[in-house]
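**Q** When you get a sec, could you give me coordinates for this:
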Amino acid sequence: FSLGGIIFKVIMNLIAKAITAPFALLASALGGADEELGTVSFAPGSAALSAEARANLDKVAQAMKARTSLTMTVAGTASLEAEREGYKREQLSALMLAEKRRAAVVAGRPAETVTPVTEAERPELLKVVYRRARIPKPRNVLGLAKDLPPAEMETLLLASIPVTQEHMRELAQTRGVAVKDYLSSRELPQERLFLGASKMEAAEGKGVPHAELSLAMK
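**A** The predicted model follows:
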């Protein structure tokens, strides 16, 4: 009875698994079985890393520090049809935050100290954004813009925000950069981190907006 053939087969299976599912091996090495480390999920239209995404990236960084021969390529993805509405809402939120920062600067406070917009602040900031927006607005008999409920102002503003394939390419690129920069902040050398080409997905694609991570040996 010879063990040579069995040992060889086991080694080849491990090599194949390292090629086809490298993050499964990394997760296993960390004492878990999470194979989802190879993707980083985002909210529709957003490039902000969630707490869960940061926690998973911390695991990836920890594993890569212990395996100095590995390099990482990050490629962001986006979908025009699946993320159209989410992208519009993110842009509207960004406009409201800009108005909040503007008000802080006028009041003599640093813009960088401004906190995210709260639900209580939204109606007033929405009104300011609507007033500044150069869009067709319902008018009264005197030709002046009508005062509208927040929901109606929001509907008009969202309808005016353009969303194109180029916007999605920029979003996908921003997602890739966000992941790469976060891994770099975890003390991984820049020469081991690469930004791959962004990917556009159809609405019926993978569903959850994400960035893809791929490993290679130096």
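**Q** Contacts for stretch 163-176, please.
**A** 40, 42, 45, 47, 74-80, 83-84, 87-88, 195-196, 198-200, 209-211 (C-beta atoms under 8 Å, 6 or more residues apart in numbering). Where you see a C-beta, it was placed from the backbone N, CA and C, and this is true even at glycine.
**Q** mean confidence score for whatever helix or strand Ala172 lives in?
**A** Ala172 is part of helix 165-185 when elements are defined by DSSP states H and E. Mean pLDDT, helix 165-185: 94.
**Q** and the following helix or strand past that helix, which strands flank it?
**A** Downstream of helix 165-185, the next assigned helix or strand under DSSP H and E is strand 193-195. Note on strand 193-195: by DSSP bridges, its sheet partners are strand 70-78 (parallel).
**Q** The longest helix along the chain packs against which elements?
**A** For the chain, the longest helix by residue count, based on DSSP state H, is helix 80-106. If you count contacts as 3 or more C-beta pairs under 8 Å, 6 or more residues apart in numbering; DSSP states H and E, helix 80-106 packs onto helix 122-132, helix 150-160, helix 165-185.
**Q** right, so of these, which gets closest to Lys100?
**A** Closest of the helices and strands packed on helix 80-106 to Lys100 is helix 122-132, at 6.0 Å (criterion: C-beta to C-beta).
**Q** any weak-confidence spans in the protein?
**A** 1-36, 203-207, 215, 217-218 (pLDDT under 70).
**Q** Relative to Lys100, how far out is the spatially most central residue of it?
**A** Nearest residue to the geometric centre of the chain (C-alpha atoms, centre = their mean): Ala47, 2.7 Å. Distance, Ala47 to Lys100, using C-beta to C-beta, to the nearest Å: 20 Å.
**Q** Whichever of the contacts of stretch 163-176 end up buried, select them in ChimeraX.
**A** For the buried members of those, the matching ChimeraX selection, counting by 16 or more other C-beta atoms under 10 Å, is:
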select :40,42,45,47,74,75,76,77,78,79,80,83,84,87,88,195,196,198,199,209,210,211
